[in-house]
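Undergrad: just a sequence and a predicted model for now, questions to come.
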Amino acid sequence: MSKGRLTRDNPLLSRPILGPLADLSVPPGAATNATTPLCEINFTTELPDDVAGYVEKSLSENTRRAYAADLAHFQAWGGSIPATDMTIAKYLAEHADTLSVATLCRRLATITKAHAAEGFASPTRSELVKATIRGIKRSRGTAQVEAKPLLRDDLFAVLERMGDDPKSTRDRALLLIGFAGGFRRSELVGLDVEDIEQVRQGIIIQLRRSKTDQEGVGRKIGIPFGRTRCCPVNALDQWLSTATIGAGPIFRCVSRHGHISEQRLSAEAVALVLKGRLLAADVSPDGFSAHSLRAGLVTSAAMVGVSPWKIRQQTGHASDAMLGRYIRDIDLFISNAAGAIL
């Protein structure tokens, strides 16, 4: 296979980046722009239909989109597959000041997979590339920007300012279920009515797939009736009743006029809803994101002494070490040395 030119004079290559992983760019049948070819890893042309079908299912839609975005960025810069280690090093260096270290490392992982898909040795494993990313880490630091947790009392303050119109009813259920279940944004908006089981203690939600469960083993999350004025189970019932939703997506788009569509709410909309509600409650939205709901549950539960393994049962975290990212600030003041003597 011939190699595309690797110069900044050729920001858009004359052919897509190809390989046998998956069609990662757009859904089948979607239109593309012929003058700006999309990055895609297309494996279906050389595989039997039955094999290709299963290989396609090996990647989640979120993973496909992430691969496509990473490869598209690399291609628009002027890269192609296969690439040289010098090209990768230059790509990293030119984006060291504009992309986070975590994003650069993810781009390296995607480029590695793209090379492996076509049977090429990956230049990302060369000492030049390793030294470049090490230097960027030393220069920039590796601490990730973490979402500010939305604590229980802050959530309640936001809910107090909300009305009873259809959008408010949806948002109340969205925020409370997202918080109580400790859901990631994709898990939250991916819920269907069929995933809900009513039980005496509240509801059981069948999470059929998640970021850490790409094979669809599934996991059950119990959400009990609340003991406070902000009950997630009642909020969900009120939304489903208001919207007359009996099947399909639970959280749907609502127009400014209150029209409820059948379209599922996007993952990106969760942060917009949260930030909008924070502003309406006179709370600065800076630092908050959709992940603030998940972080808020973990932090709030830890503050009242819930054991780590029970928190993990709710959130699906694989280890206590992962929970530590959320609760380390609380631990700073527990049996604090200075506090004991001052």
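TA: Done, it's in. Residues are numbered from 1 along each chain as shown.

Undergrad: right, and Arg264 touches Arg252 too?
TA: Yes: look at Arg264 against Arg252 with Cβ atoms under 8 Å: they come within range, at 6.3 Å. For every residue, glycine as well, the C-beta is placed using N, CA and C.

Undergrad: what helices or strands is the helix or strand of the chain with the lowest mean pLDDT leaning on?
TA: For the chain, scoring each helix and strand by mean pLDDT, DSSP states H and E identifies helix 320-331 as the least confident one, at a mean of 73. Packing contacts for helix 320-331, counted by 3 or more Cβ pairs under 8 Å, 6 or more residues apart in numbering; DSSP states H and E, involve helix 291-303, helix 308-315.

Undergrad: contacts for the first one, please.
TA: Counting contacts by Cβ atoms under 8 Å, 6 or more residues apart in numbering, the residues outside helix 291-303 that touch it are 146-152, 154-155, 175, 178-185, 188, 270, 274, 308, 310-311, 314-315, 323, 326-327, 329-330.

Undergrad: give me phi/psi at Lys220?
TA: The main-chain torsion angles of Lys220 are listed as degrees, to the nearest 10 and equal phi -100, psi 140.

Undergrad: distance of it from Gln201?
TA: 13 Å (Cβ to Cβ, to the nearest Å).

Undergrad: picking that back up, pull out the buried residues from the helix or strand just after the least confident helix or strand of the chain.
TA: Past helix 320-331, heading to the C-terminal end, the next element that is a helix or strand (DSSP states H and E) is helix 337-341. Judged by neighbour count using 16 or more other Cβ atoms under 10 Å, helix 337-341 contains no buried positions.

Undergrad: for Ile223, list the residues it contacts.
TA: With contacts defined as Cβ under 8 Å, 6+ apart, Ile223 is in contact with Ile177, Ala180, Gly181, Gly202, Ile203, Ile204, Ile205, Pro232, Val233.

Undergrad: isn't Ile245 right up against Glu194?
TA: No: under the contact definition of Cβ under 8 Å, Ile245 does not touch Glu194, with a separation of 11.2 Å.

Undergrad: show me which of those two is the more surrounded one.
TA: Here Ile245 and Glu194 are compared on neighbour count by other Cβ atoms under 10 Å; more neighbours surround Ile245, at 18 against 12.

Undergrad: and the nearest residue to the more buried one once chain neighbours are set aside, how many neighbours does it have?
TA: With sequence-adjacent residues excluded and distances taken as Cβ to Cβ, 6 or more residues apart in numbering, Ile245 is closest to Val193, at 6.2 Å. With neighbours defined by other Cβ under 10 Å, the count for Val193 comes to 13.

Undergrad: and Val193, what's its pLDDT?
TA: Each residue has a pLDDT score; the one for Val193 is 96.

Undergrad: Leu13 too?
TA: Leu13 carries a pLDDT score of 27 in this model.

Undergrad: same thing with Arg209?
TA: 68.

Undergrad: follow-up on the earlier one: and the helices and strands packed on helix 320-331, which one is worst for confidence?
TA: helix 308-315 (a mean of 89).

Undergrad: elements contacting that helix?
TA: helix 291-303, helix 320-331.

Undergrad: hang on, the earlier thing: which of the contacts of Ile223 fall in helices?
TA: Members of the contacts of Ile223 lying in helices (criterion: DSSP state H): Ile177, Ala180, Gly181, Pro232, Val233.

Undergrad: nearest spatial neighbour of the third one, skipping sequence neighbours?
TA: Think Gly181. Spatial nearest neighbour of Gly181, excluding adjacent residues (Cβ to Cβ, 6+ apart): Ile221 at 5.1 Å.

Undergrad: are we agreed that that neighbour is in a strand?
TA: Yes: the assignment for Ile221 is a strand, going by DSSP: H, G, I helix; E, B strand; the rest coil.

Undergrad: the strand or helix carrying Glu268 versus helix 291-303: what angle between them?
TA: With secondary structure defined by DSSP H and E, Glu268 is part of helix 267-280. Here helix 267-280 runs at an angle of 70 degrees relative to helix 291-303 (axes from the mean of the first three to the mean of the last three Cα atoms, to 10 degrees).

Undergrad: neighbouring contacts of helix 267-280?
TA: Contact partners of helix 267-280, identified using Cβ under 8 Å, 6+ apart, comprise 150, 158, 161-162, 171, 174-175, 178, 185-186, 188-189, 253, 284-285, 288-290, 292-293.

Undergrad: could you tell me the average pLDDT over that helix, please?
TA: 95.

Undergrad: buried sites along it?
TA: When neighbours are counted by 16+ other Cβ under 10 Å, the buried residues of helix 267-280 are found to be Ala267, Ala269, Val270, Ala271, Val273, Leu274, Lys275, Arg277, Leu278.

Undergrad: would you turn these into a markdown table with distance to Thr299?
TA: Formatted as a markdown table, the entries for the buried residues of helix 267-280 read as follows, by distance: Cβ to Cβ, whole Å:
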| residue | distance to Thr299 |
| --- | --- |
| Ala267 | 22 |
| Ala269 | 24 |
| Val270 | 18 |
| Ala271 | 18 |
| Val273 | 20 |
| Leu274 | 16 |
| Lys275 | 19 |
| Arg277 | 19 |
| Leu278 | 17 |
